[in-house]
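Colleague: Give the three-dimensional model of this entry:
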Amino acid sequence: MIYTVTFNPSLDYVVGLDKFIPGTVNRAASEHIYPGGKGINVSVMLSHLGYESRILGFSAGFTGRSLQDMLKYHGCPPDFIEVKEGQTRINVKLNAGEETEINGQGPTITGQDMEKLYQKLDILQRGDWLVLAGSIPGSVPRDVYERIIERLYKKGVHCIVDAEKELLMDVLKYKPFLIKPNHHELEEMFGKELKTQEEIIRHARLLQEMGAVNVLVSMDAEGAVLATGSGEIYQRNAPKGRVVNSVGAGDSMVAGFLAGYLQTGDYEKALELGVAAGSATAFTSWLAKKEEIYALPAKEMTPA
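Modeller: Numbering: from 1, shown residues only. Okay, here's the model as predicted:
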């Protein structure tokens, strides 16, 4: 079974404008509301690719109820913990030629709420998959990803982590199956600019020396590089297309990679499906559907 955890779920209010002028009344040319949060995006994309997952996280207030209804509509019924204080956040994403985001605060998650999450995670068994993705709210311990993976380390659960800097670095000693920094995050981790693919590969290898089994580095329009635990390096260029939306592209890559690996057991084919899923999402207004992913040119990629 695949499980995803999203500490900061949201309703994403996506507004398109012909132009945005601060300090004036701006009228939307288009508007959509989507379920948001990196783990949620992974689960929805997995559903699009034919894989069931269980969405764990926290919900609060009327916005939380709306989020749960939306996820059920998309075929991903969540298993959220109801939080008493605050409400699930609303993130506003403005697109007027360039993207601007205003992210809400989210509810207060207490120690009791965290214990309920740990109890849900304790049922995971050998061979299960856990995806930890995204930021964490201020009310949650900063080492929460480390605490979770430590609890599951000896149980043989395959962990995938997509998070920034310390959240990611702190889990490496528990040998996560896959980590997915983008190239900017990779630069932040090591405090240096990485100008060439060779430098990116070298620093991906350093993350493996710290414990990561597989390292997938996303590079926007340049595609992605994968350093595998068995020693191979694979690189895949992104298909060409008009970028409509960058939100969820990295999460789609994670879901596509996992789906491809479960389907074939082959790292190279998993990378191809991951890059195709990320690119297809970037070319659409939200998370791409299966037919949009497989419509992109990809070497030796066939639907499940």
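Colleague: ok, I55 - contacts?
Modeller: Each residue near I55 by CB atoms under 8 Å, 6 or more residues apart in numbering is listed here: 4, 6, 39-40, 43, 71, 76-80. The way it works is simple: take the backbone N, C-alpha and C, and place the C-beta from them, glycine included.
Colleague: could I get those as CSV with pLDDT and secondary structure?
Modeller: What follows is these, written out as CSV (pLDDT from 0 to 100; DSSP: H, G, I helix; E, B strand; the rest coil):
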residue, pLDDT, secondary structure
T4, 97, strand
T6, 95, strand
G39, 96, helix
I40, 97, helix
S43, 97, helix
L71, 95, helix
C76, 91, coil
P77, 88, coil
P78, 94, strand
D79, 96, strand
F80, 97, strand
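Colleague: of those residues, buried ones?
Modeller: Buried members of the contacts of I55, counted by 16 or more other CB atoms under 10 Å: 4, 6, 39-40, 43, 71, 76, 78, 80.
Colleague: Near D69, how many other residues are there?
Modeller: D69: 12 surrounding residues under other CB atoms under 10 Å.
Colleague: where's the helix or strand harbouring it relative to the chain centroid, distance-wise?
Modeller: Following DSSP states H and E, one finds D69 within helix 61-73. Mean C-alpha position of helix 61-73 versus that of the full chain (CA atoms, centre = their mean, to the nearest Å) differs by 19 Å.
Colleague: returning to what we had before: looking at the contacts of I55, which is nearest L94?
Modeller: Of all the contacts of I55, L94 sits closest to I40, with 20.8 Å by CB to CB.
Colleague: was I right about the closest one contacting Q68?
Modeller: No: counting by CB atoms under 8 Å, I40 does not reach Q68; the two are 10.7 Å apart.
Colleague: Give the residues shared as contacts by the two.
Modeller: P78.
Colleague: Make TSV out of the buried ones among the contacts of I55 and add distance to C159.
Modeller: As requested, the buried ones among the contacts of I55 are exported to TSV (distance: CB to CB, whole Å):
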residue	distance to C159
T4	11
T6	15
G39	13
I40	18
S43	16
L71	23
C76	20
P78	20
F80	21
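Colleague: Give the residue spans of this structure that score low on pLDDT.
Modeller: 298-304 (pLDDT under 70).
Colleague: any idea how far A29 is from the most centrally placed residue in it?
Modeller: The centroid of the chain falls nearest to D251 when counting by CA atoms, centre = their mean (3.2 Å). Note on D251: its distance to A29, by CB to CB, to the nearest Å, is 26 Å.
Colleague: ok, back up a step: determine whether the claim that the residue nearest to the centre of the chain is in a helix is correct.
Modeller: Yes: assessed with DSSP: H, G, I helix; E, B strand; the rest coil, D251 lies in a helix.
Colleague: Run through the residues that contact it.
Modeller: Contacts of D251 (CB under 8 Å, 6+ apart): 38-39, 41-42, 45, 133, 162, 287.
Colleague: can you tell me how far it sits from A60?
Modeller: The value you get for D251 to A60, if CB to CB is used, is 22 Å.
Colleague: Could you identify the most distant pair in the contacts of D251?
Modeller: Maximum distance among the contacts of D251 (CB to CB): 15.0 Å, for D162 and L287.
Colleague: Next, the buried residues of the helix holding D69.
Modeller: 61, 63-64, 66-68, 70-71.
Colleague: so what secondary structure elements neighbour it?
Modeller: Judged by 3 or more CB pairs under 8 Å, 6 or more residues apart in numbering; DSSP states H and E, helix 61-73 is in contact with strand 10-16, strand 30-36, strand 53-59, strand 78-82.
Colleague: in which helix or strand would I find Q112?
Modeller: Counting by DSSP H and E, Q112 is found in helix 111-121.
Colleague: now the very next helix or strand once past that helix and helix 111-121, what's the angle there?
Modeller: Toward the C-terminus, helix 111-121 is succeeded by strand 129-133 as the next helix or strand (DSSP H and E). Angle, strand 129-133 to helix 111-121, by axes from the mean of the first three to the mean of the last three CA atoms, to 10 degrees: 150 degrees.
Colleague: so where do the helices sit in the stretch 101-250 of the chain?
Modeller: In the stretch 101-250 of the chain, helices defined by DSSP state H, counting those that start in this stretch lie at 111-121, 144-152, 165-169, 183-190, 197-209, 249-264, listed in chain order.
Colleague: which residues touch the fourth one?
Modeller: Applying CB under 8 Å, 6+ apart, the set of residues contacting helix 183-190 from outside is 164-165, 168-169, 181, 193-194, 200, 203-204, 206-207, 217-220.
Colleague: what do you get for stretch 152-167?
Modeller: 38, 121, 124-136, 142, 145, 149, 168, 171, 174-181, 185, 188-189, 250-251, 254, 258.
Colleague: How far does it stretch from one end to the other?
Modeller: One end of stretch 152-167 sits 16 Å from the other (CA to CA, to the nearest Å).
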